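# fold the following for me, if possible:
(4 chains)
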There are 2 protein chains.
Amino acid sequence: MNEKAATIYDIAKLAGVNPSTVSRALSNPGRINAATEAKVHAAAKELNYRVNPFARALPTGKTKMIALMVADITNPVFFKVVRGAEKVAAEHGYTLVVAESFESSKVEADSLQRILPTVDGVIFGTTRLADAEIYEANREKPVVLINRLVEGVADVVPNNEPGIAEAIAHLAALGHKHIGFLGGPTASWINTDRWNLLMKHAVDAGMTVVSIGPNLPTVEGGRDALDQVRASGVSAIITYNDLMGIGLLRAATAAGVLIPQQLSIIGFDNIFGSDFTSPPLTTIEMPLEVIGGNAVLALLKTFEATDDAVPHGSNESTSLLVRGSTAEAKA
Amino acid sequence: MNEKAATIYDIAKLAGVNPSTVSRALSNPGRINAATEAKVHAAAKELNYRVNPFARALPTGKTKMIALMVADITNPVFFKVVRGAEKVAAEHGYTLVVAESFESSKVEADSLQRILPTVDGVIFGTTRLADAEIYEANREKPVVLINRLVEGVADVVPNNEPGIAEAIAHLAALGHKHIGFLGGPTASWINTDRWNLLMKHAVDAGMTVVSIGPNLPTVEGGRDALDQVRASGVSAIITYNDLMGIGLLRAATAAGVLIPQQLSIIGFDNIFGSDFTSPPLTTIEMPLEVIGGNAVLALLKTFEATDDAVPHGSNESTSLLVRGSTAEAKA
DNA sequence: ATTTCTTTGGCAACCGCTTGCCAAAAATGC
DNA sequence: GCATTTTTGGCAAGCGGTTGCCAAAGAAAT
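Residues are numbered from 1 along each chain as shown, chains lettered A, B, ... in the order given. Okay, the predicted model is just below:
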């Protein structure tokens, strides 16, 4: 291994021009004579030349890399985001670096410090960082937040409303009158958003709605909520996310509660595996991949922005995906 | 944003020493006087200094970055690998860059070209590349292969045997006499390994065993195999991976075949969601996270290796995870 | 044909850090 | 107390690009 790579000096020699000409031919098309440019390109091809990104990054300060921080890469909610981001980044010639914070703000802060100097900007998929820390990072390199709002920092947040409206309409059509929301992390902006929207639409539809929890946004959190859900007397429940929905569904089935005959369940996100359950989970689908891609797009936009305007809320729409965990309310 | 970062020159000025002294104090502890070193560190801290990895990478050629290529990042098999790799990489001060090939060798080759110059080495999680291409890449930068063998290239491959032995013993204990293996990609080394091992142990246990497929290593691939599986007359089947196992299980249930009463199913990998099914899938667990971590370790080892010896087969062990999809063979 | 404007490509400085080489200073030996 | 060895830190040359500046050459204008 380790064949030393060709440099622009090698090309220059081969093509019989100055290294600066090579540089321009390669990274500034049109700046020099077309014939010379072609000659340089030919030499570059012959030498199998590839720019050294670091050498380029030094004077320009641009690394063509973007960081994406997530709390837990094994959380199925994130990997679609990662994929969307990776795809768009690659399309634009950027390399995506994903860092995992393992749900720890300490680890996250450390990773951030390590990675920040190497990238042109960072996307926080889910962050445990305080507003101040995010704000601080944003002073150094452009930042885009997913599902979170911090003053003066760009963000992309999906529009939960269409999906929730559909879900309520679906439930109303099935005759449900009293429903519940199984909440996730109270500090989460999106949890609050979902709950507020749910309340509004449920009330508009003439239903009563109660908030249950909050519980951990995991399968366990959903499982542990079963007793509360049963106690509440609701005939249908919308969970903060699919993980909780799945946990609740499985716990209910194990306890002999028939799903969906005795209890309708709607999750959120349409994660991988949410259709593996029996019955498959009805869920409000989030365009996770699009969100990831749009976060990259938002970041790219800030790169070329001359002013300090930050892009906000790309409003990706959500929609209801009806599967098997919802049915008519029992009389 | 964009506060210009402090450089070693700033530190040098503040500490009243030469930049080279700063450099040594920071990256070559012990090389200079302890008192001076402390002074430099203090100045660095005061200026909130962070090395510019690119500037460092230029003269040294070391970037402290590792690439991990996977075919499909949303495949649950991979993200545990990614996590394991990320974790170990971070522990050793390395940054992990994950690139997705979207199952295309063209995309993969392009990504590789783009990323290769920026990293110290690359791990191929799953690769569509030909042996020759891998060998070529390995000449340029150290390469570690997961679940694949290429002459002269380092690899980490798990030991499928313990898990398979357990699975066969389990099935034998349940009275199964005639079992099947639902195969995945025939070109895959691990598919062949699993099948060979399965054959050996089944025969040793006095069973007959047939290979069914090969099918796509997906939920759909498993689903589509139902007819073949039923036609084969086996009472138990081991699938190439969990995805296929899940697809088969769901298709069977939908077709009125009782699982596990009429057909026992064992998957491979223990992916996220493999316990969401009814019944939850019995599976042969792969230490995916460990494998990812070991791949990084293997790579780090080649970094410091003076000779050209390449580490091989770390032999992470597998084991059977009995859940609900296996039962006594029907009489 | 002369002047002016473009185009083209070379020169050299610089990006921030590392490191071989060397000399001054300090430590050690006799 | 002097010679020798070891420590310590400065100098300067890169690493591989980019880019402002400038001069030569060609094109356009008068």
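# just say helix, strand or coil for the nearest residue in space to A:Pro280 that is not next to it in sequence.
Among residues not flanking A:Pro280 along the chain, A:Arg323 sits closest, at 4.0 Å (Cβ to Cβ, 6 or more residues apart in numbering or on different chains). Yep, even glycine has a C-beta here, placed from its N, CA and C like the rest. On the three-state scheme (DSSP: H, G, I helix; E, B strand; the rest coil), A:Arg323 is labelled coil.
# next, work out how far apart A:Arg323 and chain B are.
Separation of A:Arg323 from chain B (Cβ to the nearest Cβ, to the nearest Å) stands at 12 Å.
# ok, now which ones touch A:Ser264?
Each residue near A:Ser264 by Cβ atoms under 8 Å, 6 or more residues apart in numbering or on different chains is listed here: A:Leu171, A:Leu174, A:His176, A:Ser235, A:Ala236, A:Ile237, A:Thr282, A:Ser325, A:Thr326, A:Ala327, A:Ala329.
# what is the burial count for the first one?
Applying other Cβ atoms under 10 Å in any protein chain shown, we find 26 other residues in the vicinity of A:Leu171.
# list the contacts of the closest residue in space to it that isn't next to it in sequence.
Closest residue to A:Leu171 apart from its sequence neighbours, by Cβ to Cβ, 6+ apart: A:Ala236 at 5.1 Å. Contact partners of A:Ala236, counting by Cβ under 8 Å, 6+ apart, are A:Leu171, A:Leu174, A:His176, A:Ile179, A:Gly180, A:Leu263, A:Ser264, A:Ile265, A:Ile266, A:Thr326, A:Ala329.
# which stretches of the stretch 201-331 of chain A have low pLDDT?
A:306-309, A:313-314, A:331 (pLDDT under 70).
# and it, which residues reach chain B?
A:Ile246, A:Arg250, A:Thr253, A:Phe272, A:Gly273, A:Ser274, A:Phe276, A:Thr277, A:Ser278 (Cβ under 8 Å from any Cβ of the partner chain).
# which member of those residues is positioned nearest B:Met199?
The nearest member of those to B:Met199, counting by Cβ to Cβ, is A:Phe276 at 29.5 Å.
# now do that closest one against A:Leu47, distance only.
52 Å (Cβ to Cβ, to the nearest Å).
# which of those two has more neighbours?
Set A:Phe276 next to A:Leu47 and count neighbours by other Cβ under 10 Å: A:Phe276 wins out with 23 against 17.
# tell me how far stretch A:182-201 is from the chain's mean position?
The chain centroid and the centroid of stretch A:182-201 are separated by 18 Å, computed with Cα atoms, centre = their mean, to the nearest Å.
# buried ones in it?
Of all the residues in stretch A:182-201, those buried under the rule 16 or more other Cβ atoms under 10 Å in any protein chain shown are A:182-185, A:188, A:190-191, A:193-195, A:197-199, A:201.
# just stretch A:288-295 next, same as before
Applying 16+ other Cβ under 10 Å to stretch A:288-295 flags A:Leu288, A:Glu289, A:Val290, A:Ile291, A:Gly292, A:Gly293, A:Asn294, A:Ala295 as buried.
# then stretch A:33-45?
Buried, per 16+ other Cβ under 10 Å, within stretch A:33-45: A:Thr36, A:Glu37, A:Lys39, A:Val40, A:His41, A:Ala43, A:Ala44.
# can you name the residue of the stretch 51-200 of chain A nearest to DNA strand D?
Nearest residue of the stretch 51-200 of chain A to DNA strand D, counting by Cβ to the nearest atom of the strand: A:Ala55, 3.2 Å away.
# cool, and the stretch 151-300 of chain A?
A:Leu300 (17.8 Å).
# how much space is there between that residue and A:Gly84?
Going from A:Leu300 to A:Gly84 by Cβ to Cβ gives 14 Å.
# kindly report the same for A:Asp224.
Counting by Cβ to Cβ, the gap from A:Asp224 to A:Gly84 is 32 Å.
# more neighbours: these two, which one.
When neighbours are counted by other Cβ under 10 Å, A:Gly84 comes out ahead of the other of A:Asp224 and A:Gly84, with 21 against 17.
# sorry, back to before: which among the contacts of A:Ser264 end up buried?
Among the contacts of A:Ser264, those buried by neighbour count (16+ other Cβ under 10 Å) are A:Leu171, A:His176, A:Ser235, A:Ala236, A:Ile237, A:Thr282, A:Ser325, A:Thr326, A:Ala327, A:Ala329.
# partner residues bridging the fifth one?
So the one you mean is A:Ile237. A:Gly180, A:Ile265 (DSSP bridges).
# for it, what are its contacts?
A:Ile237 touches A:Ile179, A:Gly180, A:Phe181, A:Leu182, A:Ile212, A:Val229, A:Leu248, A:Leu263, A:Ser264, A:Ile265, A:Ile266, counting by Cβ under 8 Å, 6+ apart.
# quick check: the residue of the stretch 201-331 of chain A nearest DNA strand C.
DNA strand C sits closest to A:Phe303 of the stretch 201-331 of chain A, with a gap of 18.5 Å, by Cβ to the nearest atom of the strand.
# I figured that residue hits A:Val144, correct?
No - under the criterion of Cβ atoms under 8 Å, A:Phe303 is not in contact with A:Val144, lying 10.9 Å apart.
# shared neighbours, these two?
Residues touching both A:Phe303 and A:Val144 (Cβ under 8 Å, 6+ apart): A:Gly121.
# between these two, which is the more surrounded one?
Neighbour totals were compared for A:Phe303 and A:Val144, and A:Val144 leads with 29 against 14 (other Cβ under 10 Å).
# sheet-wise, list the partners of whatever helix or strand the more buried one lives in with their directions.
Using DSSP states H and E, A:Val144 falls within strand A:143-146. Strand pairing for strand A:143-146, determined by DSSP bridges: strand A:121-124 (parallel), strand A:154-156 (parallel).
# ends of stretch A:123-130, what's the gap?
End-to-end distance for stretch A:123-130: 15 Å, by Cα to Cα, to the nearest Å.
# do stretch A:99-109 as well
Terminal-residue distance, stretch A:99-109 (Cα to Cα): 11 Å.
# all strands of the stretch 151-300 of chain A, in order?
A:154-156, A:178-182, A:208-212, A:236-239, A:264-269, A:282-285 (DSSP state E, counting those that start in this stretch).
# buried deepest among those, which one?
strand A:236-239 (a mean of 30; mean count of other Cβ atoms under 10 Å in any protein chain shown).
# could you check how far it is from the centre of its chain?
That offset, for strand A:236-239, works out to 23 Å (Cα atoms, centre = their mean).
# one more: stretch A:317-331?
25 Å.
# likewise for stretch A:169-182?
Using Cα atoms, centre = their mean, the offset of stretch A:169-182 from its chain centre is 29 Å.
# next one: stretch A:69-84
Counting by Cα atoms, centre = their mean, stretch A:69-84 is centred 7 Å from the centre of its parent chain.
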